[in-house]
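1. Predicted model and sequence follow; I will ask about them next.
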Amino acid sequence: MIGVGDMVLLEPLSEETFIENLHKRFEHNEIYTYIGSVVISMNPYKSLPIFTADKVEEYRNRNFYELSPHMTHIVCLLTSLLYCVPEASKLVMSYVAAVCGKGQEVNKVKEQLLQSNPVLEAFGNAKTVRNDNSSRFGKYMDIEFDFKGDPLGGVISNYLLEKSRVVKQPRGERNFHVFYQLLSGASEDTLKKLKLDRDFSKYNYLSLDSATVNGLDDAANFRTVRNAMQIVGFMEDEVQSVLELVAAVLKLGNIEFKPESRVNGFDESRVKDKNDLKEMCELLGIEQSVLERAFSFRTVEAKMEKVSTTLNVAQVGLLDLLFHSLSLDNSFEQFIINYCNEKLQQIFIELTLREEQEEYVREGIEWTNIEYFNNAIICDLIENNQNGILAMLDEECLRPGTVTDETFLDKLNTVCAEHQHFESRLSKNSKFLTDHSLPHNCFRIQHYAGKVLYRVEGFVDKNNDLLYRDLSQAMYKANHSLMKLLFPEGNPAKVNLKRPPTAGFQFRASVGTLMKNLLTKNPNYIRCIKPNDKKAAQVFTDSLVCHQVRYLGLMENVRVRRAGYAFRQPYEPCLERYKMLCKQTWPHWKGPAREGVEVLLKDLEVPEDEFSYGRSKIFIRNPRTLFFLEERRRQCLEDLATLIQKIYRGWKCRTHFLLLKKSQVVVAAWYRRYAQQRKYQKIKSSSIVVQSFIRGWKARKILRELKYQKRCKEAVTTIAAYWHGTQVRREYRKFFRANAGKKIYEFTIQRIMQKYFLGLKNTMPSMSPIDKSWPARPYLFLEGTHQELRKIFHLWRCKKYRSQFTEEKKAIYEEKLEASEIFKGKKALYPSSVGQPFKGDYLEINKNPKYQKLNSVVDEKVLLADVVNKINRANGKGASRIFLLTKKNFVLADQKTGQVKASVPLPDLSSVSVSTQNDGFFALKLKEGTPSAAKGDFLLSSDRLIEIITKLHRTGAASAEREQISVDISDEFLVQFKQDKVCVKFIQAGPKNGNSVTCKRKNNRLLEVSVPSP
């Protein structure tokens, strides 16, 4: 252990050794040190791995002195300062939550207890020059547990909230966290509802020099607070009410007053800019005129009379800052804080003494009075009901006449002049008349931690802490859920003309309640110390720590603990810890633990005046005795460790030897087995080799005999065959000579054909129908067969290719085939159309809204839709027309308007005439006598002539009811225009006419079409 873990055992004991021990432990990150059951906690200003789940489990259900000092031994927290350290409180609460039982209800209570901290910190903590999360109020948390140790609930009481911080903060400090959290973390919609802006600089109550703090995420903390409020039990409308109240406070800070003079000569005040006042009233649900009047007027009521007076700007400012002025000097706030610390120190010493005395009585140890500094005289100086400073301050505040801070100081100088802990230059005690460190408007009190100088300015006003009845009544009129709860004194039905209690009286009463509560408990303490003012890790300022040690009375606590017996421990753990020091108790003591301890101490020859036997504990007077026992135990442990090492090493060597011996036997057995196996395998392989040689020799001998017999048989067979062959050849020689040539010829031809077909198989052309390649003919006599096979292969290849066609593609190829039958070799335009697919509907009649009117006229499926030129017989010019072809009709319509110009049934069409040249002119000739023939034939021109005529021809051929339309191909044909017939003649044009087809009228009976040469 680093240093001494319990200051009660520190030798020698002095302030220097006390601080040196803290310093040594702090350097090694040992931030906790005991004074008996009290824990001293040093702030490390960095994260340490001392509150992990493993650490919590390690300290769970362990005795106080088994492990190094730690805060988890404390299960009930009372902080030493009114401005408490919230981190220690949160750590203890986390440990309580970790070690308690499980269950839905228990977990809910634990979560509510844990989540109360973020809410309290938001509204009660602020950034100061020494702490970024300093608690600006006193907090007492009382947690109740059931018989199983599970939390049932808790009550949190708070004391002395630093109200002055709302209005003004010292340089380098911030207002309470909740203001910054709201502006940083609330959504834009929430800020809009609360009429707030995210910019801190727009609010007078928020200091700008420390608005942002490194390592503090106000936006994330706001979300944490909102979640914590829901867990604790706030409803959503209650959360909204709290946020509205916070927003109203920010708006209140921006209200400024201007002076105005009345006719009667009195000054009054008015609000400068009423925008913030208006928004504040909207948030609180109060009429603007009511709140403005409450700010500017004061109503005094006595008996049955009411007097309303105006307030000038100075009085309004006094009202605003009545309890909020802040000075670097110690004033009323620090006075009552130090008073509370005096009471806490008093109860701390009293409870420590009572605990000591009760334990002595319980154990049957004689109690001796302990001398210590009793600060009851200082508490009496402050709180005495007749001559106490608070009583005299209340008396000054309540008495009629002129009351000032100076009259209060004069009264103190008169009443407390002879008190040994009160000092003032104006008192009757002449020894302070020349003390220039004591100003005239100040007094000094000798507290238990040292002398403190108080400036009397503001004591009377701050003690009054009055809120005019006009403001209370105005706030009570607000239509806001919280305002009536916060200002119950504003209820007109419960008007109380009695003067409200002073701040000092209220605080003294709350401190008295706290003291009574503590006296009913058995509290443990965590005394928190800051090692430096820089919030830096590994920095230890001796002077600062020394001041806090004196301020907290830690040396006094150590002396009280050491006044009787410095160390006490139950017999069982004491015997368990030191039994190895005596042969009679080691390793097991079979009798009562007390008798074992008596035997142990007698054997160690410890002087009898150094210890006493209690009923369940052994009490050791001097730490030297404990250190003696610990030193002997350390030596004994070293001897035992050496003995254990010796025994272990002997056991390890014997075990190793036995293992080697056993291993040698096993290895030898395995080796002998291996050697015998190898010997056996060698003999076996040798036997097999000998056997194989013998079997081989026998087999070869038999083989030679069999081969000899076989050769003899083959020789006989061969001789017989030759002989029979000779006989047959002699017999059939005449027949062989007559038929040999024919047989050889047939065989040769058969081999040639076989070779031809095999070669053809490997040189076959591709499966494409347009592939005209074919293998060369190898022999002239195969010419016919070669060409027939080429034809058969091509037909088979075309059939395979056609079998892959879809119905749509098949129809397209059928149209292309029919176009080939009609125009191939007859029309010069045909070759250019072969590669162009027949699309049919080029105008997309059904999709194009432009032709919606035309689409409604044609009720059949459109086979072809395209733009053509209708040739005028008068001048040979062309006019654009839409040409539609269905199964029953063809239609000509105006291209621009879509109006139908002509609709001709296909049965009325007799023939189609075209030229042989590379032009797009064609004539649609109608049957004479039909209704459609009244206007004459149609002379048209189109780039898609081949497709149009092919579809007309197929449509006519597909119908069994009408004759097939004939196609006449000639460079000169007649066209019937109404009553006249006109000859259309096609001629080859020269180069000077260009590359376009032109149509000109030569006379009334002739149209000449000039076609450029190809």
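-> Nice, thanks for sending it over.
2. give the contact list for the most centrally placed residue in the chain.
-> Residue closest to the average C-alpha location in the chain (CA atoms, centre = their mean): residue 220, at 12.3 Å. Applying CB atoms under 8 Å, 6 or more residues apart in numbering to residue 220 gives the contacts residue 185. C-betas here are computed from N, CA, C, even on glycine.
3. Can you tell me how far it is from residue 207?
-> Residue 220 sits 21 Å away from residue 207 when distances are taken as CB to CB, to the nearest Å.
4. what do you get for residue 650?
-> Using CB to CB, one gets 75 Å for the distance from residue 650 to residue 207.
5. These two: who's more crowded?
-> residue 207 (18 against 10; other CB atoms under 10 Å).
6. Just give the closest residue to the more buried one, not the sequence neighbours.
-> Across the structure, with CB to CB, 6 or more residues apart in numbering as the measure, the residue nearest residue 207 apart from its sequence neighbours is residue 169 (4.8 Å).
7. and what of residue 837?
-> In space, residue 837 comes closest to residue 812 once its chain neighbours are excluded; the distance is 6.5 Å by CB to CB, 6+ apart.
8. That neighbour touches residue 838, doesn't it?
-> Yes - checked against CB atoms under 8 Å, the pair residue 812 and residue 838 is within contact range at 6.0 Å.
9. Next, the buried residues of whichever strand or helix holds the residue nearest to residue 837.
-> Taking DSSP states H and E as the definition, one finds residue 812 inside helix 807-823. For helix 807-823, a neighbour-count test (16 or more other CB atoms under 10 Å) marks 812, 815-816, 818-819, 822-823 as buried.
10. Against which helices or strands is it packed?
-> With contacts defined as 3 or more CB pairs under 8 Å, 6 or more residues apart in numbering; DSSP states H and E, the packing partners of helix 807-823 are helix 830-833, helix 945-958.
11. That helix versus helix 945-958: what angle between them?
-> Helix 807-823 and helix 945-958 meet at an angle of 100 degrees, taking axes from the mean of the first three to the mean of the last three CA atoms, to 10 degrees as the criterion.
12. Please export the C-alpha coordinates of helix 807-823 as PDB.
-> This file holds the C-alpha atoms of helix 807-823, laid out as PDB (Å, rounded to 0.1, in the frame of the first residue of the first chain):
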ATOM      1  CA  GLU A 807     -44.600 -14.500 -86.400                       C
ATOM      2  CA  GLU A 808     -43.900 -10.800 -86.600                       C
ATOM      3  CA  LYS A 809     -40.600 -11.300 -88.300                       C
ATOM      4  CA  LYS A 810     -42.000 -14.000 -90.600                       C
ATOM      5  CA  ALA A 811     -44.700 -11.500 -91.800                       C
ATOM      6  CA  ILE A 812     -42.000  -8.900 -92.500                       C
ATOM      7  CA  TYR A 813     -40.000 -11.400 -94.500                       C
ATOM      8  CA  GLU A 814     -43.100 -12.500 -96.400                       C
ATOM      9  CA  GLU A 815     -43.700  -8.800 -97.300                       C
ATOM     10  CA  LYS A 816     -40.100  -8.500 -98.400                       C
ATOM     11  CA  LEU A 817     -40.500 -11.700-100.400                       C
ATOM     12  CA  GLU A 818     -43.600 -10.400-102.100                       C
ATOM     13  CA  ALA A 819     -41.900  -7.100-102.800                       C
ATOM     14  CA  SER A 820     -39.100  -9.100-104.400                       C
ATOM     15  CA  GLU A 821     -41.600 -11.000-106.600                       C
ATOM     16  CA  ILE A 822     -43.200  -7.800-107.700                       C
ATOM     17  CA  PHE A 823     -40.200  -5.400-108.200                       C
END
